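In: let's see this in three dimensions:
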Amino acid sequence: MASPSARRLFGFIGTFLGVVVLHTLWDTFSGSLVFIVLAIISIGWLFWELRRYRTFGEHPVGQLQPN
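Out: Residues are numbered from 1 along each chain as shown. Just a heads-up that it's a prediction; the model follows:
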């Protein structure tokens, strides 16, 4: 479980503001190239955030049961 800290709070706020900016840009501009660039940035940011918050617990959740 993630422990609360100022770093995580600022990371969340930064991500939230980034989403707002990307959404605003998406609604402001038109054209396929702009949409492709914004989509690549959005998906890249999503994967980056998923990688940052991916943690492995010290204890296994459970053992696999044979069928």
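In: toward the C-terminus, what is the element adjacent to the longest helix belonging to the chain?
Out: As assigned by DSSP state H, the longest helix anywhere in the chain is helix 6-28. Beyond helix 6-28 on the C-terminal side, the first helix or strand identified by DSSP states H and E is helix 32-52.
In: number of nearby residues for R51?
Out: 8 (other Cβ atoms under 10 Å). Yep, even glycine has a C-beta here, placed from its N, CA and C like the rest.
In: roughly how far does it sit from G44?
Out: For R51, the distance to G44 (Cβ to Cβ, to the nearest Å) stands at 11 Å.
In: what sits in contact with each of these two?
Out: Here R51 and G44 have no joint contacts, going by Cβ atoms under 8 Å, 6 or more residues apart in numbering.
In: in contact with S30, which residues?
Out: With contacts defined as Cβ under 8 Å, 6+ apart, S30 is in contact with no residue.
In: report pLDDT for it.
Out: S30 carries a pLDDT value of 87.
In: would you mind measuring from it to G18?
Out: 21 Å.
In: same deal with F29?
Out: 17 Å.
In: mind listing residues that contact stretch 38-49?
Out: Under Cβ under 8 Å, 6+ apart, the answer for stretch 38-49 is T15, G18, L22, L25, W26.
In: ok, the closest residue to G11 other than its chain neighbours to V19 distance?
Out: Once flanking residues are discounted, G11 sits nearest to R52: 7.6 Å by Cβ to Cβ, 6 or more residues apart in numbering. To V19, R52 is 15 Å away according to Cβ to Cβ.
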